[in-house]
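Participant: everything below, folded, please.
(one chain, ligands or ions: 3)
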Amino acid sequence: MKATTIALVVIISLVFVSTAFSVPPGKTLTFPDGKIGKVVFDGKKHKDAGVKCKDCHNGTIFPSMKDAKAVVGPPVLTMKDLNAGKYCGACHNGTTEINGKVVFKTKGTCKKCHIKE
Ligand code: HEC
Ligand code: HEC
Ligand code: HEC
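Facilitator: Ligands and ions are numbered 1, 2, ... in the order given. Predicted coordinates:
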């Protein structure tokens, strides 16, 4: 009985660990501390928009593909950094074009990223 319980706990935590932090297409990453609402990053939406893995995983915007595997949990991001063109703000700045379309900026479009529960 006790061993079964422990095994269950181990299996459940493994499932959580392997699903929580993967963001390739089909996966999402939730930034819990949005203050005005959490932010859900959707790997599929980005792939469908024509964003390549290396557009983000280039060691500048986000860790390289190799390094990304070692990262645990979502990075801590601030609007100050995003508005200064870092991380998500490297594209979400109202000037960067991907697939011939200008990516929406952070200013004035809060609700595109921040979801209220
Ligand atoms: C629009 C930006 C963006 C794109 C495009 C993107 N990722 Fe990510 N990815 C992230 C962010 C943000 C994280 C979380 C922070 C980190 O690990 O650097 C992440 C994390 C990861 C991780 C580490 C999570 C884990 O399970 O350890 C892997 C692996 C990964 N991405 C694979 C991919 C692959 C494969 C593609 C292309 C098919 C891709 N990503 C495309 C932004 C992106
Ligand atoms: C390499 C460029 C790039 C980076 C970096 C990037 N995005 Fe995006 N994102 C896009 C593109 C392109 C689209 C789809 C086109 C559009 O909606 O303007 C998109 C769409 C989205 C959408 C969908 C909005 C909707 O209407 O459904 C959200 C939410 C989003 N991004 C959040 C983020 C967050 C959060 C980050 C950082 C963790 C991030 N993005 C980083 C390029 C990027
Ligand atoms: C491209 C997506 C995106 C857009 C658009 C966006 N945010 Fe954010 N915001 C984020 C992410 C990602 C975080 C980090 C959350 C975390 O670390 O848990 C964040 C964090 C925050 C935080 C808490 C951290 C801090 O910097 O104070 C506030 C407040 C915030 N956003 C306000 C806003 C407001 C107001 C707008 C509109 C003017 C906005 N955001 C638009 C993605 C976005």
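Participant: surely Gly50 touches Glu97?
Facilitator: No: in this structure, Gly50 is not within contact of Glu97 by C-beta atoms under 8 Å, at 10.6 Å. (Glycine included, C-beta is placed from N, CA and C.)
Participant: is any part of stretch 65-74 close to ligand 1?
Facilitator: Yes: residues of stretch 65-74 contacting ligand 1 under C-beta under 6 Å from any ligand atom: Ala68, Lys69, Val71, Pro74.
Participant: straight-line length of stretch 52-59, end to end?
Facilitator: Stretch 52-59 has its terminal residues 14 Å apart, counting by C-alpha to C-alpha, to the nearest Å.
Participant: can you list contacts of that stretch?
Facilitator: For stretch 52-59, the external contacting residues (C-beta atoms under 8 Å, 6 or more residues apart in numbering) are Pro24, His46, Ile61, Phe62, Pro63, Ser64, Met65, Asp67, Ala68, Cys91, Ile98.
Participant: low-confidence regions, this structure specifically.
Facilitator: The chain contains residues with pLDDT under 70 at 1-25, 34.
Participant: do a quick rundown of the strands in it.
Facilitator: 28-31, 38-42, 97-98, 101-102, 114-115 (DSSP state E).
Participant: what comes up buried for the longest one?
Facilitator: By neighbour count, and taking 16 or more other C-beta atoms under 10 Å as the criterion, the buried residues in strand 38-42 are Val39.
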